[in-house]
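Colleague: Output the structure for:
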Amino acid sequence: MKELIIKDLHVSVEGREILKGVNLSIYPNETVALLGPNGHGKSTLLAAIMGNPKYEVTSGSITLDGEDVLTMSVDERARKGIFLGMQYPSEVPGVINADFLKAAVNARREKPVKLFEFYRAIEQASKKMHISMDMAQRFLNEGFSGGEKKRNEILQMLLLKPDFAMLDEIDSGLDVDALVYVAEAIKDVQKTNTSFLVISHYEKLYKMINPTRVAVMINGKIVLEGEQDIITKIETQGYEWMKYELGISIEKDQVDMNKQSIGVCVTKEVIGK
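Modeller: Predicted coordinates:
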């Protein structure tokens, strides 16, 4: 079980400050829903935690059980049990999906997984995600539909058994059945004491996975934390109410939130080992 503590985190992308002092703590066994209008830093936070070099941490700290995450390489963070299910999974021609998954699993083990054990695990995970075993022998995400890429991310999570899992709009592009498969997989992993930080614009996913806490990000900061009723309020009223109740002005021009539903670094490091 891991405890992730973020203090006064500032992150810039190409010289532009996106995160402006994020404070957020995620404790063992928690599932935190991260909400906020588009373009306010949610995905940037996840990318910074995972170590995407495009995102420059200019000040602040991230610790995992007291260890300085910011001093770790991307693969070190993955070995420590941090996992990111990406919003836009990369296609990697020439890398067999099963080979990538096996390398990722072995990266977190002292001894390499036995071939029979690995294929039994991938078969079970594929059944859970309703993915054909043929996908295991295809190039990583190449030619996969959007929904197949997302389910393949969750399949990877099932195999890796992370301590801290971040999911960036993992439900976007999924049909109704696939959304159920993903939610059921998340609930299975929740039972293993994995902590989650989940971004979604859809109340339906949150209802399925039952987050323990809700955090709202506006203007690159966490401005509100609370219970699940916040999700329902945002779903029905958008974010405009925060201006009047909390005195928060949304800096960027956004579409009318009342009409909007709340609804490859690691690859290279692991394969290179």
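Colleague: hey, let's count contacts and neighbours off CA atoms from now on
Modeller: Noted.
Colleague: Give me the nearest residue to L158, chain neighbours excluded.
Modeller: A125 (6.5 Å; C-alpha to C-alpha, 6 or more residues apart in numbering).
Colleague: can you tell me which residues contact that neighbour?
Modeller: Counting by C-alpha atoms under 8 Å, 6 or more residues apart in numbering, A125 touches L155, L158, L159.
Colleague: any chance of the residues you listed in TSV, plus neighbour count, pLDDT and distance to L197?
Modeller: What follows is the contacts of A125, written out as TSV (neighbours: other C-alpha atoms under 10 Å; pLDDT from 0 to 100; distance: C-alpha to C-alpha, whole Å):
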residue	neighbour count	pLDDT	distance to L197
L155	24	95	17
L158	21	96	16
L159	17	95	18
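Colleague: Tell me which of those fall in helices.
Modeller: Judged by DSSP state H, the subset of the contacts of A125 located in helices is L155, L158, L159.
Colleague: if we can go back for a sec, reformat the contacts of A125 as a markdown table; add distance to R108.
Modeller: Formatted as a markdown table, the contacts of A125 follow (distance: C-alpha to C-alpha, whole Å):
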| residue | distance to R108 |
| --- | --- |
| L155 | 16 |
| L158 | 13 |
| L159 | 11 |
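Colleague: and the residue nearest to L158, that's in a helix?
Modeller: Yes. Assessed by DSSP: H, G, I helix; E, B strand; the rest coil, A125 belongs to a helix.
Colleague: how close does it get to S61?
Modeller: 35 Å (C-alpha to C-alpha, to the nearest Å).
Colleague: Next: V95.
Modeller: The value you get for V95 to S61, if C-alpha to C-alpha is used, is 34 Å.
Colleague: Please apply the same query to Y206.
Modeller: Distance from Y206 to S61, by C-alpha to C-alpha: 28 Å.
Colleague: Closest to V182 out of the ones in helices among the contacts of A125?
Modeller: In terms of C-alpha to C-alpha, no member of these lies closer to V182 than L155, at 9.0 Å.
Colleague: Number of residues surrounding E110?
Modeller: 7 (other C-alpha atoms under 10 Å).
Colleague: F139 contacts D99, doesn't it?
Modeller: No. The pair F139 / D99 is not scored as a contact, 9.3 Å apart, by C-alpha atoms under 8 Å.
Colleague: quick one: which of these two has more around it?
Modeller: Neighbours of F139 and D99, each counted by other C-alpha under 10 Å, are more numerous for F139; the result is 19 against 16.
Colleague: So A33 lies in a helix, does it not?
Modeller: No. Counting by three-state DSSP, A33 is not part of a helix but strand.
Colleague: got the residue ranges for the helices in the stretch 101-250 of the chain?
Modeller: Along the stretch 101-250 of the chain, counting by DSSP state H, counting those that start in this stretch, helices occupy 115-129, 146-160, 176-190, 203-209, 229-237, 241-245.
Colleague: Out of those, the one nearest G220 is which?
Modeller: Closest among the helices of the stretch 101-250 of the chain, using C-alpha to C-alpha: helix 241-245, at 14.9 Å.
Colleague: Render the CA-only coordinates of the closest one in PDB, please.
Modeller: Taking C-alpha atoms only, helix 241-245 is exported to PDB below (Å, rounded to 0.1, in the frame of the first residue of the first chain):
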ATOM      1  CA  TRP A 241     -21.800  27.600  -9.300                       C
ATOM      2  CA  MET A 242     -18.200  27.700  -8.000                       C
ATOM      3  CA  LYS A 243     -18.000  31.300  -9.000                       C
ATOM      4  CA  TYR A 244     -20.800  32.300  -6.700                       C
ATOM      5  CA  GLU A 245     -20.400  29.800  -3.900                       C
END
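Colleague: Brilliant, that's me finished.
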